[in-house]
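Chemist: My questions concern the predicted model and sequence given below.
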Amino acid sequence: IHHRPGHFFYFRGKIKLDDPVYSQGVRQAVYRQHHHRDNWVISDQSTKAFYREMLEATFCFAPTGWGWGQRVFEAVLSGCIPVVMQSDNAQPFENILPWPKFAVMLNESHIPDLHTILEAIPRARVESMQRTLSCVWPRLTFFSSPQQREDYPQLFGLDSFEMMMMELSQHADRTRGHARPGGAEGVQAWQNASRMLTTPVCSCQMQAADFAGVASGPPAR
């Protein structure tokens with residue numbers, strides 16, 4: 001984990017300033033209020049350097065478009081802290097994975113103060129989120145092809161398929177009335193996430209302190 005040499009805030013993609021429905025108006029509002037800031041890229045101009053720029057950026061904007069999810073996955077796989085602004089949308093495996101440990105979860109009301117919110121995050125916190133990303137990314141992809149199993153044998157069995165099985169198991173427990181009372185189910189989910197994140201992953205750099213200080217369960221919106 002080190003200081004990333006690229007932009008502080010990064011987004012390239014459709015903005016559609018003339019279409020208030022697209023992206024629930026989020027992309028348009030963020031562009032209008034923040035595209036002029038130093039070291040921020042908020043642009044509808046494409047570039048062949050898109051993924052390199054994401055790899056070098058600190059925060060990557062992850063709004064909706066016509067659908068959900070792509071921007072979040074691109075950011076996570078690039079090691080860029082996702083700034084998720086998708087009101088009322090559940091994130092993948094959010095009852096198991098500690099989303100506030102590796103993403104900034106916001107809603108439309110935060111748009112005017114977006115720059116203040118991000119700049120106020122301490123450097124130590126940013127580095128902790130980056131370390132968590134270095135461990136969590138396999139949980140949000142699949143390693144199912146024979147070639148992937150050969151190339152990444154240590155990650156096979158730690159991917160989104162396992163996460164789906166855990167989610168289904170928790171759902172089955174709730175359906176049978178076996179969910180633990182008083183928030184204990186959320187505590188168990190966080191313990192499961194901690195166990196899974198510490199399973200050896202080639203890129204994982206999490207430290208003991210990175211597991212502390214965040215409640216389990218869905219991120220606040």
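Modeler: Perfect, thanks for sending it. Numbering: from 1, shown residues only.

Chemist: low-scoring stretches of this protein, by residue?
Modeler: Residues of the chain meeting the criterion pLDDT under 70: 1-2, 68-69, 156, 178-200, 202, 213-221.

Chemist: wouldn't residue 138 be in contact with residue 201 here?
Modeler: Yes. Under the criterion of C-beta atoms under 8 Å, residue 138 makes contact with residue 201 at 6.0 Å. For every residue, glycine as well, the C-beta is placed using N, CA and C.

Chemist: and for these two, which residues touch both?
Modeler: Common neighbours of residue 138 and residue 201 (criterion: C-beta atoms under 8 Å, 6 or more residues apart in numbering): 155, 158.

Chemist: Compare the two (neighbour count), which wins?
Modeler: residue 138 (27 against 20; other C-beta atoms under 10 Å).

Chemist: Distance of the more buried one relative to residue 27?
Modeler: 29 Å (C-beta to C-beta, to the nearest Å).

Chemist: now residue 12
Modeler: Taking C-beta to C-beta as the measure, residue 12 falls 11 Å from residue 27.

Chemist: Those two: who's more crowded?
Modeler: Using other C-beta under 10 Å as the criterion, residue 12 and residue 27 rank with residue 27 on top: 24 against 18.

Chemist: Show me what counts as buried in the strand or helix carrying that one.
Modeler: Residue 27 belongs to helix 26-34 when elements are defined using DSSP states H and E. Buried residues in helix 26-34, defined by neighbour count with 16 or more other C-beta atoms under 10 Å: 26, 27, 28, 29, 30, 31, 34.

Chemist: before we move on, what about stretch 135-155?
Modeler: 135, 136, 137, 138, 139, 140, 143, 152, 155.

Chemist: what about the strands in this protein?
Modeler: 9-12, 40-43, 59-63, 81-85, 104-106 (DSSP state E).

Chemist: so what secondary structure elements neighbour the last one?
Modeler: The criterion is 3 or more C-beta pairs under 8 Å, 6 or more residues apart in numbering; DSSP states H and E, and the helices and strands that strand 104-106 contacts are strand 81-85, helix 114-119.

Chemist: Over to the second one?
Modeler: In terms of contact count using 3+ C-beta pairs under 8 Å, 6+ apart, strand 40-43 is assigned the packing partners strand 9-12, helix 26-34.

Chemist: Given the first one, what are its sheet partners and their directions?
Modeler: According to DSSP bridges, the neighbouring strands of strand 9-12, each with its direction, are strand 40-43 (parallel), strand 59-63 (parallel).

Chemist: Out of those, which one sits most buried?
Modeler: Counting by mean count of other C-beta atoms under 10 Å, strand 59-63 has the highest mean neighbour count of those, with a mean of 26.

Chemist: sorry, back to before: let me have the strands paired with strand 9-12 in JSON lines, extended by distance to residue 89.
Modeler: Formatted as JSON lines, the strands paired with strand 9-12 follow (distance: least, C-beta to C-beta, whole Å):
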{"stretch": "strand 40-43", "distance to residue 89": "21"}
{"stretch": "strand 59-63", "distance to residue 89": "10"}
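
Chemist: can you put the helices and strands packed on strand 40-43 in JSON lines and add distance to residue 64?
Modeler: JSON lines is the format used below for those (distance: least, C-beta to C-beta, whole Å):
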{"stretch": "strand 9-12", "distance to residue 64": "13"}
{"stretch": "helix 26-34", "distance to residue 64": "7"}
